[in-house]
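A.B. asks: I'll drop the sequence and a predicted model, then ask my questions.
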Amino acid sequence: MPHLEETLARLAPLAFAKGHGTGNDFVLIADPEAQQDLSADEVSALCDRHRGIGGDGLIRAVPTRHVQDAQALHAEHPEAEWFMDYRNADGSIAEMCGNGVRAFVHFLLDQGLVELAPGESLPIGTRAGVKHVAVSANGYAVDLGPWRFTFPVSAEEKALDSLVETPGIDAARPALSVDLGNPHTVVALQQLAELSAAQLTTIPRVDPAPPHGTNVEFVVPAEPLVSDGIGHITMRVHERGVGETQSCGTGACAAVIATRHWAGYPEAEAWDVRVPGGVVRVKFVPGADGAEHVELSGPATIVARGTVG
Ligand SMILES: N[C@@H](CCC[C@H](N)C(=O)O)C(=O)O
């Protein structure tokens, strides 16, 4: 791998913004002419926290029509003008990012690349299909579409499909896998003290190992789980391709999906997920396709704009 400083120097002058959603932070790049298809080394250099800009991921805003592996999506959904090209901090590609897609729309608005009237939603192309993002009371809400258990589970089963070993947690714990376009493995813990004790500086060992890796969420349900119609859980996450992050939007949805299943589908109009970086809200909404969709909402902020070099 070339020296990090040389990699960054070659990219100069590259305009970027830095943003986050509940502390899940991103380097954001506008690429309207599709001239910045960055290599894994370039992404990890930009995301380096000591010698780069720093971020859990990098998001390139590129017109969908210019993205080679999104041609089918573009043909089917020409309305999704902008594509969220999401990369983890290590340069790997991820299919979806819930906090990222809110930051992405905030960035498009900030750069004057789109307009979003109150009550309207903006269709965004992603590797997990088209997602609609609208302004919400707490920032932005994204319809992440239908979700599924990675392995089929009946509503009656309190299913657990894998075991997760984590330093700081005494024994391997059972977990449930959820697919939100990207992979998740949710581990239920009983106590907040156990959640704090988990050491997430190394990758939790998931057995059987998911073929493309996974994001691992550790979740503690509140007692009572639902109060005043709102479900409450606390979560920490180890993200694939990154490490522990302050928040993970798709992870929060996976954690709610698993918790609701384990709890026998209690009535709740929404779920608040407390993460180290704040709170995101998860709702189940009927989709136009007849399937149950999961909606994520929360803040998105731009903290800086600059140029590499
Ligand atoms: N932080 C994101 C998820 C980012 C991608 C993830 N690390 C993966 O590899 O699947 C979110 O807010 O959803």
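C.D. replies: The structure has been received and is ready for your questions.
A.B. asks: so who does the residue positioned nearest the centre of the chain touch?
C.D. replies: Centroid-nearest residue in the chain: residue 97, 3.0 Å away (criterion: Cα atoms, centre = their mean). Taking Cβ atoms under 8 Å, 6 or more residues apart in numbering, we find residue 97 in contact with 24, 57, 59, 84, 86, 182, 249-250. To be clear about C-beta, it is placed using only N, CA and C from the backbone, and glycine gets the same treatment.
A.B. asks: could the residues you listed go into JSON lines alongside neighbour count and secondary structure?
C.D. replies: Formatted as JSON lines, those follow (neighbours: other Cβ atoms under 10 Å; DSSP: H, G, I helix; E, B strand; the rest coil):
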{"residue": "24", "neighbour count": "32", "secondary structure": "strand"}
{"residue": "57", "neighbour count": "27", "secondary structure": "strand"}
{"residue": "59", "neighbour count": "23", "secondary structure": "strand"}
{"residue": "84", "neighbour count": "27", "secondary structure": "strand"}
{"residue": "86", "neighbour count": "23", "secondary structure": "strand"}
{"residue": "182", "neighbour count": "25", "secondary structure": "coil"}
{"residue": "249", "neighbour count": "28", "secondary structure": "helix"}
{"residue": "250", "neighbour count": "32", "secondary structure": "helix"}
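A.B. asks: Show me which of the residues you listed is closest to residue 12.
C.D. replies: residue 59 (19.7 Å; Cβ to Cβ).
A.B. asks: Please list which of the contacts of residue 97 are also close to the ligand.
C.D. replies: 24, 57, 182, 249-250 (Cβ under 6 Å from any ligand atom).
A.B. asks: Need the max-distance pair from these.
C.D. replies: For these, with distances taken as Cβ to Cβ, the pair at the greatest spread is 24 and 182 (13.4 Å).
A.B. asks: tell me which element the residue sitting furthest away from the middle of the chain is part of?
C.D. replies: Centroid-distance maximum for the chain: residue 6 at 30.1 Å, with Cα atoms, centre = their mean. Element membership of residue 6 [criterion: DSSP states H and E] is helix 4-11.
A.B. asks: what's the next secondary structure element after that helix?
C.D. replies: Scanning forward in sequence from helix 4-11 by DSSP H and E, the next helix or strand is strand 14-21.
A.B. asks: Each with direction, which strands does that following strand pair with?
C.D. replies: Strand 14-21 pairs in its sheet with strand 24-30 (antiparallel), strand 301-308 (antiparallel), by DSSP bridges.
A.B. asks: At the contact with the ligand, which residues of the protein appear?
C.D. replies: With Cβ under 6 Å from any ligand atom as the criterion, the chain comes near the ligand at residues 24, 57, 88, 94, 97-100, 182, 215, 239-242, 245, 248-251.
A.B. asks: sorry, back to before: tell me the most buried of the strands paired with strand 14-21?
C.D. replies: Burial of the strands paired with strand 14-21 is given as mean neighbour count (mean count of other Cβ atoms under 10 Å); strand 24-30 ranks first at a mean of 26.
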